[in-house]
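Chemist: Here's my sequence, what's the structure:
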Amino acid sequence: MDKAEFLEWIDFEENRFHPLVWLNGDPDIGEGVYLGFFSVVNAKDSEIRIGDGCDIAPFVSLNCADSHRKCLGLTEEVDRSAIELEHNVFIGTQTVVKPGTTIGHHSVVGAGEVVSGDIPPYSLVVDGTVEEGYYETAVRDATE
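Modeler: Numbers count the residues shown, from 1 in each chain. Okay, the predicted model is just below:
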């Protein structure tokens, strides 16, 4: 099976990142972004914006959809909310970024996290906690 046959078989549209990155909908992805294999960016019927210089490791899910309330019979529609990663954000492998999340610039999310809500710029997210401003001094010193 050649690459074209494989892409048709898996029903992933070809993209500039990796043949095994699944882009659904029309996400706004900046320049200098890395998206690792087996990562999912589901922007169907919502918005996902990934700023310049972001690094998203393999097996990461950015999914604007949440169907749990529909599954329970509490609503007829899938809930959808936008996701934004500001510039220079690192997301570790096997992380889930939930609908409605904003991650501030120059932040790092460690491997295996489930992230929701608003993460301020320069934060470190590990073991389910957010250390605000963790990278602020280091980044400012490096860029002056």
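Chemist: excluding its backbone neighbours, what's nearest the residue of the chain most remote from its centre?
Modeler: In the chain, counting by Cα atoms, centre = their mean, M1 sits farthest out from the average C-alpha position, at 30.2 Å. Computed as Cβ to Cβ, 6 or more residues apart in numbering, the closest residue to M1 that is not its neighbour in sequence is W9, at 7.0 Å. All C-beta atoms are positioned from the backbone trio N, CA, C, and that covers glycine.
Chemist: if I look at the residue farthest from the centre of the chain, how far off is G25?
Modeler: To G25, M1 is 27 Å away according to Cβ to Cβ, to the nearest Å.
Chemist: same check, this time on E136
Modeler: From E136 to G25 the distance is 33 Å (Cβ to Cβ).
Chemist: Could you do P99 as well?
Modeler: Counting by Cβ to Cβ, the gap from P99 to G25 is 13 Å.
Chemist: okay, the residue nearest the centre of the chain: pLDDT?
Modeler: For the chain, the residue nearest the mean C-alpha position is L62 (3.8 Å; Cα atoms, centre = their mean). We have a pLDDT of 98 for L62.
Chemist: Now do stretch 76-94: distance from first to last residue.
Modeler: From its first residue to its last, stretch 76-94 covers 30 Å (Cα to Cα, to the nearest Å).
Chemist: Also stretch 9-17?
Modeler: Stretch 9-17: ends 18 Å apart by Cα to Cα.
Chemist: V41 pairs with what?
Modeler: L23, L62 (DSSP bridges).
Chemist: thought it was touching V21?
Modeler: Yes. Under the contact definition of Cβ atoms under 8 Å, V41 touches V21, with a separation of 7.3 Å.
Chemist: who has more neighbours, these two?
Modeler: Remark: of V41 and V21, V41 carries more neighbours, 24 against 21, as counted by other Cβ atoms under 10 Å.
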